[in-house]
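In: quick one, structure for this:
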Amino acid sequence: MRLTILLITMKQIKVKWPLNPQETVLFKVDGVYIKNNFNAKQVTLYITNERIVLESKRMLMFFLFGIIGWLLTRKKITLEFPLSDITDFRRTKHGFNKKVAEFDLIDGRTIRIGVSGKWEVFDAAYQKAMIDVQPLFSVN
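Out: Residues are numbered from 1 along each chain as shown. Just a heads-up that it's a prediction; the model follows:
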């Protein structure tokens, strides 16, 4: 597992959306953004040292123009939230998928994302990103 994490951090992950100064992309994985029980969207999940970004392609172009239309569409940011807004993180399930990340945010929202690939690699990348995050409220 360590070797996998080292290989992931050694690769430079390129994105088409602007990064903040001093922001680096730590991890990229495909997944499904689960809005509710009947509505989901295929996304690419990026974990940076400051935020989590969900990027999706428009599926309407796929239905209208097939593979060529899908390849020519631009990706757009569906959802993003800072790591400092996360109050709770846990692994849940949705149907048969047992690799669903559930984030509770400070504003009361709950974000559910089905992760593809190995859960342990995603969890390690998330925990590594959270090490450097300064909490919004501190007891000191």
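In: which strands and helices lie in contact with the helix or strand harbouring residue 113?
Out: Secondary structure assigned from DSSP states H and E places residue 113 in strand 110-115. Contacts defined by 3 or more Cβ pairs under 8 Å, 6 or more residues apart in numbering; DSSP states H and E place strand 110-115 against strand 25-34, strand 40-48, strand 86-94, strand 97-105. The C-beta positions use only the backbone N, C-alpha and C, and glycine is treated the same way.
In: quick one: it to strand 97-105, angle?
Out: On the basis of axes from the mean of the first three to the mean of the last three Cα atoms, to 10 degrees, strand 110-115 is oriented at 150 degrees to strand 97-105.
In: pull up the pairing partners for strand 110-115, direction included.
Out: strand 25-34 (antiparallel), strand 97-105 (antiparallel) (DSSP bridges).
In: quick check: buried residues in the next helix or strand after it?
Out: Proceeding N to C from strand 110-115, the next assigned helix or strand is helix 119-131, under DSSP H and E. Buried residues in helix 119-131, counted by 16 or more other Cβ atoms under 10 Å: 121, 122, 124, 125, 126, 128, 129.
In: pull the CA atoms of stretch 17-26 into CSV?
Out: Backbone C-alpha positions of stretch 17-26 (Å, rounded to 0.1, in the frame of the first residue of the first chain) are rendered in CSV as follows:
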residue,chain,number,x,y,z
TRP,A,17,-9.5,24.3,-13.7
PRO,A,18,-7.5,27.0,-11.9
LEU,A,19,-5.6,26.1,-8.7
ASN,A,20,-5.1,28.5,-5.9
PRO,A,21,-1.5,29.6,-5.1
GLN,A,22,0.3,26.9,-3.1
GLU,A,23,-2.4,24.3,-4.0
THR,A,24,-1.4,20.9,-5.3
VAL,A,25,-3.5,18.0,-6.5
LEU,A,26,-2.8,15.0,-4.3
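In: fine by me, thanks again.
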